[in-house]
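> no sequence for this one, just the structure:
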Ligand SMILES: Nc1ncnc2c1ncn2[C@@H]1O[C@H](COP(=O)(O)OP(=O)(O)OP(=O)(O)O)[C@@H](O)[C@H]1O
Ligand SMILES: [Mg+2]
């Protein structure tokens, strides 16, 4: 099925000033389409977490929004550095965030578990030296 | 409890949203870690925090939070307050520390977001 809306947001590594703007735009667009309540909040939370991870941990990447009649899909892809131990990264409390990110309120090690909890479907693929791709699906009732 | 009650109990100053102080408050969360907030909170929750950077406002936007309480008399800069105003947030600041602000509000009946206290297999 073709997506009704496809939008791509480039995300720059270490750009803490703009971090979160893509997610704010995604939330606004979905709201305009009539998506609300619980689904909207779950998409917003997962989107913010994945966007901040691109800023904090990746060497740069992009976030893609696709809206289908019955679901929303978010895809985050980056150009590195990849995650050496996915099981560890998915664990609540595990974080390699640096001091700068921590001083801004990140580094709880809760982002990936939060995404998994909020999305109806969650997939993460990562290869060290290549990059990380996260796909999240949200059913629209 | 309403936001007005919190203002009174905490002897807080209202930085934004004077007209919305009758908004009811159901639960509260106190954290300086944005992912913790994103993990546990819904829109009827008040966020108590000592962190005054734009990410606090963006996190509130993602969750549609209604009220922010800054502790130790902290006041965010104008740019941050403008972003908060755009979202229609009520923002108050109290001289109390985070611990005391939570204790005072808890004593007056405000509760945290319910989380189970049981440990489960994933914790081992
Ligand atoms: N896109 C990415 N590229 C490389 N490493 C990543 C990426 N996303 C996450 N990681 C790694 O996985 C760890 C856990 O990520 P997670 O989002 O759960 O926590 P965090 O970002 O460290 O803290 P929080 O999200 O609570 O602010 C990170 O500390 C980092 O080591
Ligand atoms: Mg994260």
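Here it is on my side, so go on. Everything quoted here is computed from the prediction, not taken from an experiment. Ligands and ions are numbered 1, 2, ... in the order given.

> need the residue closest to the centroid of the chain.
Using chain A here. Nearest to the mean C-alpha position of chain A, by Cα atoms, centre = their mean, lies residue A:50 at 2.1 Å.

> oops, wrong one, chain B.
residue B:47 (1.7 Å).

> beta-bridge partners for it, please?
residue B:29, residue B:68 (DSSP bridges).

> so it sits against residue B:56, correct?
Yes. Using Cβ atoms under 8 Å, residue B:47 is in contact with residue B:56, at 7.4 Å. All C-beta spots, glycine's among them, are computed from the backbone N, C-alpha and C.

> any shared contact partners between the two?
Taking Cβ atoms under 8 Å, 6 or more residues apart in numbering or on different chains as the contact rule, residue B:47 and residue B:56 both touch residue B:68.

> re the thing from before, identify the residue nearest the residue nearest to the centre of chain A in space, chain neighbours excluded?
Excluding its sequence neighbours, the residue lying closest to residue A:50 (Cβ to Cβ, 6 or more residues apart in numbering or on different chains) is residue A:76, at 4.4 Å.

> what does the model give the one you found for pLDDT?
You'll see residue A:76 listed with a pLDDT of 98.

> with the one 5 residues further on instead?
Residue A:81 carries a pLDDT value of 98.

> does the biggest helix by length in chain A come close to ligand 2?
Longest helix in chain A, counting residues (DSSP state H): helix A:37-57. Yes. Residues of helix A:37-57 contacting ligand 2 under Cβ under 5 Å from the ion: residue A:53.

> C-terminal to that helix, which secondary structure element comes first?
For helix A:37-57, the following helix or strand on the C-terminal side (DSSP states H and E) is strand A:61-67.

> quick one: average confidence on that next one?
98.

> now stretch B:78-86, how far from the centre of its chain.
Relative to its parent chain, stretch B:78-86 has a centroid offset of 16 Å by Cα atoms, centre = their mean, to the nearest Å.

> buried residues in it, which are they?
B:80, B:81, B:83, B:84 (16 or more other Cβ atoms under 10 Å in any protein chain shown).

> before we move on, what about stretch A:31-44?
Buried, per 16+ other Cβ under 10 Å, within stretch A:31-44: A:35, A:39, A:40, A:41, A:42, A:43, A:44.

> which residues touch that stretch?
A:4-5, A:23, A:26-27, A:30, A:67, A:72, A:74, A:118-119, A:138-141, B:42-43, B:62-64.

> tell me, which of the residues you listed make contact with ligand 2?
Okay, of the contacts of stretch A:31-44, nothing touches ligand 2 (Cβ under 5 Å from the ion).

> let's see which of the residues you listed end up in helices.
Checking the contacts of stretch A:31-44 against DSSP H, those in helices are A:23, A:26, A:27, A:30, A:118, B:62, B:63.

> for chain A, which residue gets nearest to ligand 2?
residue A:111 (2.4 Å; Cβ to the ion).

> distance of the nearest residue to that residue once chain neighbours are set aside relative to residue B:71?
Distance criterion Cβ to Cβ, 6+ apart; nearest residue to residue A:111, sequence neighbours excluded, is residue A:49 at 4.1 Å. Residue A:49 sits 25 Å away from residue B:71, going by Cβ to Cβ, to the nearest Å.
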